[in-house]
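S.K.: Quick one, fold the following:
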Amino acid sequence: MKHYDCVVIGTGPAGQKGAIQAAKLGKSVAIVEKNKVLGGAQINTGTIPSKALREAVLQLTTGHRRGIYGTSKHVKEQVTIADLVSFSQRVIRHEWEIIRDQFERNNVDLHWGHAQFVGPNEVAIEGPDGEERITADRFLLGVGTRPARPENVPFNGQTIFTSDAVMKLDHLPKTMIVVGGGVIGTEYACIMATLGVQVTLIEGRNKVLGFLDQEICDAFQYFIRQRGITLRLGEKVEAIREVDCNSSSGQNGSVCRLVEAKLESGKIIHAGTLLYAVGRQGVCKQLGLDKVGIEFDDRERLQVNEHYQTNVDHVYAAGDVIGFPSLASTSMEQGRRAICHAFGCSEGNYNTSLFPYGIYAVPEISMVGKTEEQLTAEGIPYESGVANYREIARGQLLGDELGMLKMLIHQETHKLLGVHVIGTGATELIHIGQAVMALDGDAEFFVNNVFNFPTLAECYKVAAYNGLNKLNNVYSGSCQPVAVSC
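M.R.: Predicted coordinates:
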């Protein structure tokens, strides 16, 4: 039986970075993966596939005609799921190779199979060649989550499915119901609508993406309605079933079938397909955690302290399995920091209030810091500065006249309190604001520094002028910024 300093369970973002960090500290490391591929949901069913799908859709349905799709001057008239999967799979295979190479270069032993604790410091791995057992001083659980699959929803993988099955669809549906207005639901709703699919999005709350700044959320809902998405907000699904069509039969004489969603309000909605994207569920029951004395909640998520320790000191957990914010980016850092604490090295400065959020919908959205609603609730005096893409030369060149950047400025200190972006490049643009906030910068930073022209980064300068002009009671009749008084 081989003994390691550290055993990591799961090769998703938390497990990857944790294992590499332990190896960099000179520790002997093993990592266990139950699936046949590396990378967890991040690479195979979640982050990378959905973003690759989005890029493929934008390439195939807009004026971007070069690059990976060759130099054809005409966009395909009909886009199929096969077209999208072809591009996505190339990206995914590339990521598999990178992860495998990292493990090999850092001498991380990779074990394939399902890991289960059989004692406080021992796990059994049921793999393709039978069972093996290994022991360790420290453990990191990065097992992630899976889409929730309520028993009353008749999933079949073809017409009623979760986000894990989107990549496996053998055709592009004409109509789709998306249940759930969170990040996953809205991203796929936008992707499908961009392809011409008639989408109805059902969300139990009164707005989609409820954590967003209200102004950004309102703008986003307007944009997606313009794209043809029907929003059913404040509505909950009571029942989902397949029903026969009222009219003609399907192709080749087959019976036509539709998906029916009955809402609690009494409304009945029909579509060819239904994506169920409400919540995710942990997988902790499979780990034998009772052998270690570790507890988990009813959604199989683990509770951890600020150092990512479970209630058992030598077992750490990171990533989606510990709940919010459940982002690939935060999971990576959580896994690294967990290992640093486990082996007594410095974790460095860590400002959890400056996690950036990125939503790869159409249009793209990103935010960092506080929303207007949070600042109002906390009694913090602020002013907003806004730059619209249509005012920016780069926005005109990109053909994006709907995007906007908003910064929230403290009325007294002029410190940045939050930055919110919707439009092209939002998830890249947000990091400028994040860096200035992390360094305790103020709005004058943007006024007093030079930005490349033409760039979307110029939005920061325009937004700073706009906000500071308001604070100084300086107004201009044009969209151009005026000088802030000294």
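
S.K.: which residues are in contact with stretch 147-161?
M.R.: Contacts of stretch 147-161 with the rest of the structure, by C-beta atoms under 8 Å, 6 or more residues apart in numbering, involve 162-165, 168-170, 239-242, 257, 259, 272-281. Glycine gets a C-beta too; all of them are placed from N, C-alpha and C.

S.K.: Just say helix, strand or coil for E132.
M.R.: Look at E132: counting by DSSP: H, G, I helix; E, B strand; the rest coil, its state is strand.

S.K.: quick one: contacts for it?
M.R.: Shown in contact with E132 (C-beta under 8 Å, 6+ apart): 111, 113, 124-125.

S.K.: any idea where the helices of this protein begin and end?
M.R.: Ranges of helices in the chain, per DSSP state H, are 13-24, 40-44, 47-61, 81-105, 183-194, 214-226, 328-342, 372-377, 393-398, 426-438, 444-447, 458-471.

S.K.: Columns distance to M407 and mean neighbour count on top of these, output as JSON lines?
M.R.: Output for those, formatted as JSON lines (distance: least, C-beta to C-beta, whole Å; neighbours: other C-beta atoms under 10 Å):
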{"stretch": "helix 13-24", "distance to M407": "29", "mean neighbour count": "27"}
{"stretch": "helix 40-44", "distance to M407": "30", "mean neighbour count": "25"}
{"stretch": "helix 47-61", "distance to M407": "26", "mean neighbour count": "19"}
{"stretch": "helix 81-105", "distance to M407": "33", "mean neighbour count": "16"}
{"stretch": "helix 183-194", "distance to M407": "23", "mean neighbour count": "24"}
{"stretch": "helix 214-226", "distance to M407": "12", "mean neighbour count": "17"}
{"stretch": "helix 328-342", "distance to M407": "21", "mean neighbour count": "23"}
{"stretch": "helix 372-377", "distance to M407": "11", "mean neighbour count": "14"}
{"stretch": "helix 393-398", "distance to M407": "17", "mean neighbour count": "16"}
{"stretch": "helix 426-438", "distance to M407": "7", "mean neighbour count": "19"}
{"stretch": "helix 444-447", "distance to M407": "8", "mean neighbour count": "18"}
{"stretch": "helix 458-471", "distance to M407": "5", "mean neighbour count": "23"}
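
S.K.: so can I have TSV of those showing distance to E131 and mean pLDDT?
M.R.: Output for these, formatted as TSV (distance: least, C-beta to C-beta, whole Å; pLDDT from 0 to 100):
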stretch	distance to E131	mean pLDDT
helix 13-24	21	96
helix 40-44	23	79
helix 47-61	32	81
helix 81-105	22	83
helix 183-194	35	94
helix 214-226	50	95
helix 328-342	26	93
helix 372-377	51	97
helix 393-398	56	92
helix 426-438	43	96
helix 444-447	59	96
helix 458-471	57	96
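
S.K.: so which of these comes closest to I268?
M.R.: Comparing those against I268 with C-beta to C-beta, the closest turns out to be helix 183-194 (19.7 Å).

S.K.: List of residues touching the closest one?
M.R.: Contacts to helix 183-194, defined as C-beta under 8 Å, 6+ apart, come from residues 46, 50, 53-54, 57-58, 61, 163, 166, 173, 176, 178-179, 199, 201, 203, 208-209, 224, 227-229, 275, 277-278, 359-362.

S.K.: returning to that earlier point: make TSV out of the helices of the chain and add distance to G319.
M.R.: Shown next, in TSV, are the helices of the chain (distance: least, C-beta to C-beta, whole Å):
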stretch	distance to G319
helix 13-24	3
helix 40-44	8
helix 47-61	12
helix 81-105	15
helix 183-194	16
helix 214-226	27
helix 328-342	4
helix 372-377	25
helix 393-398	34
helix 426-438	20
helix 444-447	34
helix 458-471	32
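
S.K.: out of those, nearest to G119?
M.R.: Across the helices of the chain, closest to G119 is helix 328-342 (C-beta to C-beta), at 18.7 Å.

S.K.: Show me what that closest one is packed up against.
M.R.: strand 2-9, helix 13-24, strand 130-141, strand 315-317 (3 or more C-beta pairs under 8 Å, 6 or more residues apart in numbering; DSSP states H and E).

S.K.: Tell me, how many residues neighbour the spatially closest residue to I160 that is not a sequence neighbour?
M.R.: Nearest non-adjacent residue to I160, counting by C-beta to C-beta, 6 or more residues apart in numbering: L274, 4.9 Å away. By other C-beta atoms under 10 Å, 30 other residues sit near L274.

S.K.: and the helix or strand of the chain with the lowest mean pLDDT, what does it pack onto?
M.R.: Counting by mean pLDDT, DSSP states H and E, the weakest-scoring helix or strand in the chain turns out to be helix 40-44, with a mean of 79. If contacts are counted by 3+ C-beta pairs under 8 Å, 6+ apart, helix 40-44 sits against helix 13-24, helix 47-61, helix 81-105.

S.K.: Could you tell me how far the shortest one lies from the centre of the chain?
M.R.: I take that to be helix 13-24. 21 Å (C-alpha atoms, centre = their mean, to the nearest Å).

S.K.: Need the buried ones from the contacts of stretch 147-161 selected in PyMOL.
M.R.: In PyMOL, this line selects whichever of the contacts of stretch 147-161 come out buried by 16 or more other C-beta atoms under 10 Å:
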select buried, resi 162+163+164+165+169+240+259+272+273+274+275+276+277+278+280
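
S.K.: In strands, which of the contacts of stretch 147-161 appear?
M.R.: Among these, DSSP state E puts 239-242, 257, 259, 273-276, 280-281 in strands.

S.K.: Okay, the closest residue to F453 other than its chain neighbours and L195: tell me how far apart.
M.R.: In space, and not counting its chain neighbours, F453 is closest to A393: 7.0 Å by C-beta to C-beta, 6+ apart. Distance of A393 to L195, given as C-beta to C-beta, to the nearest Å: 31 Å.

S.K.: Make TSV out of the helices and strands packed on helix 40-44 and add distance to R149.
M.R.: Below are these laid out as TSV (distance: least, C-beta to C-beta, whole Å):
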stretch	distance to R149
helix 13-24	23
helix 47-61	18
helix 81-105	21
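
S.K.: what's the closest of the ones you listed to T455?
M.R.: T455 lies closest, by C-beta to C-beta, to one member of the helices and strands packed on helix 40-44: helix 47-61, at 20.2 Å.

S.K.: Tabulate the CA atom coordinates of the closest one in PDB.
M.R.: Extracted in PDB, the C-alpha atoms of helix 47-61 (Å, rounded to 0.1, in the frame of the first residue of the first chain):
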ATOM      1  CA  THR A  47     -17.400  26.000 -18.300                       C
ATOM      2  CA  ILE A  48     -15.300  25.100 -21.400                       C
ATOM      3  CA  PRO A  49     -18.100  23.300 -23.400                       C
ATOM      4  CA  SER A  50     -20.600  26.100 -22.900                       C
ATOM      5  CA  LYS A  51     -18.100  28.800 -23.700                       C
ATOM      6  CA  ALA A  52     -16.800  26.900 -26.700                       C
ATOM      7  CA  LEU A  53     -20.400  26.500 -27.900                       C
ATOM      8  CA  ARG A  54     -20.900  30.200 -27.500                       C
ATOM      9  CA  GLU A  55     -17.900  31.100 -29.500                       C
ATOM     10  CA  ALA A  56     -18.800  28.600 -32.200                       C
ATOM     11  CA  VAL A  57     -22.300  30.100 -32.400                       C
ATOM     12  CA  LEU A  58     -21.000  33.600 -32.700                       C
ATOM     13  CA  GLN A  59     -18.500  32.500 -35.400                       C
ATOM     14  CA  LEU A  60     -21.200  30.700 -37.400                       C
ATOM     15  CA  THR A  61     -24.000  33.200 -37.100                       C
END
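
S.K.: I'm done for today, thanks for sticking with me.
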